[in-house]
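Peer 1: next one to model:
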Amino acid sequence: MRHLARSLAALTLGTASVFVAGLPASAQDEACTEQDTGYGASGVCVVEVLQADPICPAGVLQLTYQVTAEGTEATTVDLRWINPGGTDVVQTGQPFSGTVDWPASIPTRATDVEFRVGTELAVNVDPKVALAKCLPSGSKVLSVSDTTSSASTGSSGVLAFTGSEALPFAVAGGGLLLAGTALVLVRSARARRAVQ
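Peer 2: I've put the predicted structure just below:
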């Protein structure tokens with residue numbers, strides 16, 4: 001009977017360790033804080049870009065945006081314009097909703113813009129349509145590179161999945177669970193035969 005109890009305890013411990021190992025890893029981020037002092041997970045931020053559209057009022061190319069952030073007390077967002085051919089441009093301390101000028105050093109083509117509030121979310125923005133409104137009538141828009149991205153329609157605006165790859169752990173855990181169950185059943189059958 002002790003063997004059966006030990007086997008069941010080992011099986012329970014093994015099952016629990018499989019489920020714990022399969023949970024996604026999370027990193028504590030300084031900008032992400034616990035929202036209340038009661039029970040709750042800290043360090044979890046959800047950033048969502050609701051709008052990221054290029055516009056061209058009065059002949060000046062701009063980006064109008066709207067961001068929401070959960071799990072943080074931050075009230076501002078940092079925009080990082082990715083420039084693959086040069087230095088990135090960072091605009092810090094922007095409100096969650098607003099309009100900023102398109103940086104002069106960033107090419108006027110499809111570009112990734114990272115919105116950072118504790119965690120970051122990159123959105124691809126393509127100013128082709130807005131540029132057509134910036135140019136005087138009769139002008140043509142010339143594109144340096146043909147791109148298939150479009151302003152915010154190619155992006156879901158939701159933070160990308162960055163958790164662990166839990167499927168291999170779950171499969172291995174399931175296999176170990178089956179092997180442990182089989183071992184317990186075999187030992188139990190042997191113990192019954194020995195008693196008879």
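
Peer 1: could you use CA atoms for every contact and neighbour count after this?
Peer 2: Will do.

Peer 1: tell me the buried residues in stretch 69-88?
Peer 2: 69-72, 74, 76-82 (16 or more other CA atoms under 10 Å).

Peer 1: what of stretch 186-196?
Peer 2: In stretch 186-196, counting by 16+ other CA under 10 Å, buried: S188.

Peer 1: now do stretch 114-130
Peer 2: Buried positions in stretch 114-130, judged by neighbour count with 16+ other CA under 10 Å: 114-128, 130.

Peer 1: what is the helix or strand that contains Q94 packed up against?
Peer 2: Per DSSP states H and E, Q94 falls inside strand 89-95. Where contact means 3 or more CA pairs under 8 Å, 6 or more residues apart in numbering; DSSP states H and E, strand 89-95 is packed against strand 76-81.

Peer 1: average pLDDT across the strand it packs on?
Peer 2: Strand 76-81 carries an average pLDDT of 90.

Peer 1: that one: partners in the sheet, and parallel or antiparallel?
Peer 2: Strand pairing for strand 76-81, determined by DSSP bridges: strand 89-95 (antiparallel), strand 111-117 (antiparallel).

Peer 1: what's in contact with the first one?
Peer 2: It stands for strand 89-95. 75-83, 103, 105-106 (CA atoms under 8 Å, 6 or more residues apart in numbering).

Peer 1: and the pLDDT at S105?
Peer 2: 81.

Peer 1: doesn't G174 belong to a helix?
Peer 2: Yes: under DSSP: H, G, I helix; E, B strand; the rest coil, G174 sits within a helix.

Peer 1: next one: it from P168, what distance?
Peer 2: Look at G174 and P168: by CA to CA, to the nearest Å, they are 10 Å apart.

Peer 1: swap in V123?
Peer 2: Between V123 and P168 the computed distance is 30 Å (CA to CA).

Peer 1: what do you get for T64?
Peer 2: Distance of T64 to P168, given as CA to CA: 42 Å.

Peer 1: counting neighbours, go ahead and name the busier of the two.
Peer 2: Neighbours per residue, other CA atoms under 10 Å: of T64 and P168, the larger number sits with T64, 16 against 10.

Peer 1: show me what that one is bridged to.
Peer 2: Under the criterion used (DSSP bridges), T64 bridges to D53, T99.

Peer 1: quick one: residues contacting it.
Peer 2: T64 touches 51-55, 97-100, counting by CA under 8 Å, 6+ apart.
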